[in-house]
Every structure is written in structure tokens, then in C-alpha cells.
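Novice: Pasted the sequence and its predicted model underneath.
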Amino acid sequence: MRVRAGRHRRIAEVAPWAARRRFQQRSDQPRHRRARQGGQPPPCGGVLSPCSERRVGERQERLTPFERAKQQRRNDTICVRTIAERHHKSLFRAFYSCITMKFPQSPDTVNLMTAPKFDNWLEHGSGVEAKSARHLFSIISNIALLAPNRIYAWRGQNNANWPLRSSLYRKAAKESKEVTEKSLRAEERKIIKEARDWGLGRDLGSSATDLHMLAVLQHHSVPTRLIDVTANPMTALWFATAEHGQCEDRPDSGVLFAIEVTDTRWHETFKHGSQTRKSRRNPITALYEKALLRSAKDNTMFRAFPALPDDRMRAQEGYFIGSAVPEKHTTPGVFGFNPIGPESGRENLANLLEFDKPAEAPFALPFCAIVIPYHVKLTLRDPLKRTYNRRRRVLFPDVDGFKEAWSSGRLD
């Protein structure tokens, strides 16, 4: 309801709950006519003549109890818009903050995209701790021999307290509490446009698809939704046990991820040969949009293989996994995508990864986080270098790799 401003009207410096009662009056009538007809005093301390005041009193006495109750209910009705229209914005803000504090939103409506609570990988049914280097290699072997025709992507992180998420998801989560597919896609389009305006991919023409651009940008540490993985667990293990830098007094545990990708779709960053009508019409974006649509529909991730891998990608046997942001996360600590299947459970995972595994048919292992304590990390660096030839000069054979190794003093 609206209140027409009058020349005798003044703003009451009172609390919001008192102000809204004083401001609540019938609209579209002059103030004194409204007072004469409804038996109401003028709003906010307006002045009436003695004659008008007498008529108001007589009208008030003639009201029936029902009319008085109806009038009281109308006066008690909350009208936030009335307060705003009196140009008392600070009072409106105070009233609104009071309402929001009194009636907070439900957690389900605040953020629909939040993942289950994550403390560390060992608190849930997807994590296991390696007791020693021998135990770690046994776990890797058991995963590799779990069942025929199973394909796993491997990723290593040198801090077990970090969740598994893409660099773009991490950036978006810092800027907003809620990360949705819409917001992530908008940020992604912005990055791709700025990269093309910079001149990246111009020499490849239509072969520089969005997926190819994202693979190149991710390879050079630009935030994207893609996650670097490798087909070689020893390469991922090198990253999980790598030194932090010049300072080596941070006893952080590392983590090695095994992610099953057997039934996921795979895409090259661009294709040659026959194309669909949509890809012929829009060859730059069609491939990536198709991958995202299928990912959102099936709630699965996809694999992306660089069509033109450089020396570093070949040396690391690397590729990427990506996904549309799911409506609901299923695995604690995994943000931006869902593994293909439920958690194995702590007890089942321990039985699966023991030294002498029983001969019964194995169950599915969609995701596993192998936590590597700091003392185990120290014992792994030398055998990785001697036996598996996982060293900097092999994994980073390009000029940038030499620059980083030379700057850190680790020319091994």
C-alpha cells in the first residue's frame, strides 16, 4: 500500500516495527478525508483542526467491534515498500537486515552446488594411506590388476590437504560461494576470447577449436576446467613426491589419485575428415559444446587428448579430463566432476588393496586417493629417478623446463 506525501507529514525517527505501523494508511485519498471517513488520526503526527478532531472522535465511536478489528488488522500489516517510499533508506536497510537475520535462508537454497564436507582423504571411503614405499607400489599394482580392460587416469599432488578440482573451479570458488555450470562457462568463454584476441591459435585457423585452446592454456598454467592427468602412475607419483622449492622444511603428505575412465568418452582437441553439419557450421566451438552437453546429460566426465602434443606432453604421457559442473557432488573432496560410481567404502577398499588379494571377482573402484606421508615421500624420490627414469630433464625437456630447473638449482 502506498501513502501519499502531505505537507504536514514528517519522518518518524523510530524503530522499523513502530514506523511501519505509523506509515500504514489507506492510499489514493487525501490525508484529512481519510481521517474523517475512517476515523483515523492523521499519519505521523499530522495536525487536525478542533472541528475535524471532533468529527473523527464521533466517527470512531460509531464503529462496530468488527470494523475496529478490521481497522486494527490493516494497521498492523507489514509494508516494507511504504518505508522505502518515504526516502528513509537507512531505516529500510535496518528493517531488511533484521528480517534476514530473523528468518535465514535454508542451506539447501543458499548453495545447491556445494560438495559433501571434506576434511581429509582418510576420513571417507575413498582414501587409503601408504605405510611404506613397498606398500605404495603394492597398492598401485592391485589397482592395475583389479580387472581386465579397466583404464585409470593418474594424478599426483604434493599436498594431501588439497581437494581435487580444476584451476578454474578453484578460482571461481574464491570469487563466489556458488559455482555453477553457467558461471563457470561464462568465465571460460571470457578466457578463450581474450586468448584469441591475444593472437593464440591464429596460425591453426579452424583447427584451433575451443577444446584445443583450453588444452594449450591448461598446459601453460592458465586457469581452465580441464585437469592434467597421465596414463603412467610413476609420472603422477613423481608429482606427488616432488620438492616444494628452495624451502624443504614443510613436511606435507602427498596424494596419488587413481580415477577410472574406462567408460568415459574421449575427444581429440580437433578432428580431421568427415564432420557433422553443426561442426561444419561452427567448427571452433561445436566439439567442446558437444562434450559438455553429453557430460551434463550423463553426469560423467570426458577425456581430451591433444591432437598436436608437444615434447612435454609426450614425455609425461599426459592428457586431460573435464566435466560439466554436476548438480550434486557425490565424493567428498572432488569438486567440479563426479567419479563414475559410488565410493568403495573404507573396509572394502582396505580389503581390496591388501598385499595378498583374494581371488574372488573384484568390485568396481571408480576413485581412490592414496595418501603418501612425508617420510614415505623421501624414500620414493631416488627409486623413481634410478629405476623409472622419472626426473626433471625427462619430464620437462623443453626450454621452460630447463629454466625452472636452473632457477631452482635442480638440474637432475
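Specialist: Received the coordinates, thanks. Numbering: from 1, shown residues only.
Novice: pLDDT below threshold where in the stretch 151-300 of the chain?
Specialist: Within the stretch 151-300 of the chain, the set of residues satisfying pLDDT under 70 comprises 206, 244-250, 270-283.
Novice: ranges for the strands of it?
Specialist: Here the stretch 151-300 of the chain has its strands, by DSSP state E, counting those that start in this stretch, at 152-157, 227-230, 254-260, 265-268.
Novice: Determine which stretch of those is the most buried.
Specialist: strand 254-260 (a mean of 24; mean count of other Cβ atoms under 10 Å). (Glycine included, C-beta is placed from N, CA and C.)
Novice: Now do that strand and strand 152-157, the angle between them.
Specialist: Relative orientation of strand 254-260 and strand 152-157, computed by axes from the mean of the first three to the mean of the last three Cα atoms, to 10 degrees: 160 degrees.
Novice: Any idea which of the strands of the stretch 151-300 of the chain gets closest to residue 128?
Specialist: The minimum distance between residue 128 and the strands of the stretch 151-300 of the chain falls on strand 254-260, with 10.1 Å, by Cβ to Cβ.
Novice: Show me the contact partners of the closest one.
Specialist: By Cβ atoms under 8 Å, 6 or more residues apart in numbering, the residues outside strand 254-260 that reach it are 121, 136, 140, 143, 150-160, 162, 164, 229, 233, 236-237, 240-241, 321, 339-341, 364-372, 374, 377.
Novice: Just give the strands next to that strand in its sheet, each with its orientation.
Specialist: Strand 254-260 has the following strand partners under DSSP bridges: strand 152-157 (antiparallel), strand 367-372 (antiparallel).
Novice: would you turn those into TSV with distance to residue 216?
Specialist: Below are those laid out as TSV (distance: least, Cβ to Cβ, whole Å):
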stretch	distance to residue 216
strand 152-157	19
strand 367-372	28
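Novice: quick one, which of those is nearest to residue 294?
Specialist: Among these, strand 152-157 comes nearest to residue 294, with 18.0 Å by Cβ to Cβ.
Novice: got the CA coordinates for that closest one in PDB?
Specialist: The C-alpha trace of strand 152-157 is given here as PDB (Å, rounded to 0.1, in the frame of the first residue of the first chain):
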ATOM      1  CA  TYR A 152      42.700 -45.400 -15.000                       C
ATOM      2  CA  ALA A 153      43.900 -41.900 -15.100                       C
ATOM      3  CA  TRP A 154      46.500 -40.900 -12.600                       C
ATOM      4  CA  ARG A 155      47.300 -37.600 -10.900                       C
ATOM      5  CA  GLY A 156      49.700 -36.600  -8.200                       C
ATOM      6  CA  GLN A 157      49.500 -33.600  -5.800                       C
END
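Novice: Now do the domain split for the chain, please.
Specialist: Split into domains by automatic domain parsing, the chain comes to 16-104, 121-408.
Novice: Now stretch 286-296: buried residues?
Specialist: Within stretch 286-296, the residues scored as buried using 16 or more other Cβ atoms under 10 Å are 286-292, 295.
Novice: can you check stretch 318-327 too?
Specialist: For stretch 318-327, by 16+ other Cβ under 10 Å, it's 318-326.
Novice: of all those residues, which comes closest to residue 187?
Specialist: Ranked by distance to residue 187 (Cβ to Cβ), those are led by residue 325 at 11.5 Å.
Novice: Can you tell me the SS state at the closest one?
Specialist: coil (DSSP: H, G, I helix; E, B strand; the rest coil).
Novice: tell me the contacts of it?
Specialist: By Cβ under 8 Å, 6+ apart, the residues touching residue 325 are 113, 169, 179-181, 184, 336-337.
Novice: Let's see which of those end up in helices.
Specialist: 169, 181, 184 (DSSP state H).
Novice: I'd like those as TSV, with neighbour count and distance to residue 199 appended.
Specialist: Converted to TSV, these look like this (neighbours: other Cβ atoms under 10 Å; distance: Cβ to Cβ, whole Å):
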residue	neighbour count	distance to residue 199
169	22	27
181	18	29
184	21	25
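Novice: Distance to residue 330 for the residues you listed - can I get that in a markdown table?
Specialist: Output for the ones in helices among the contacts of residue 325, formatted as a markdown table (distance: Cβ to Cβ, whole Å):
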| residue | distance to residue 330 |
| --- | --- |
| 169 | 16 |
| 181 | 16 |
| 184 | 18 |
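Novice: Among those residues, which one sits closest to residue 398?
Specialist: Residue 398 has its nearest neighbour among the ones in helices among the contacts of residue 325 in residue 169, at 27.1 Å by Cβ to Cβ.
Novice: ok, now how distant is residue 201 from residue 188?
Specialist: Per Cβ to Cβ, to the nearest Å, residue 201 is found 15 Å from residue 188.
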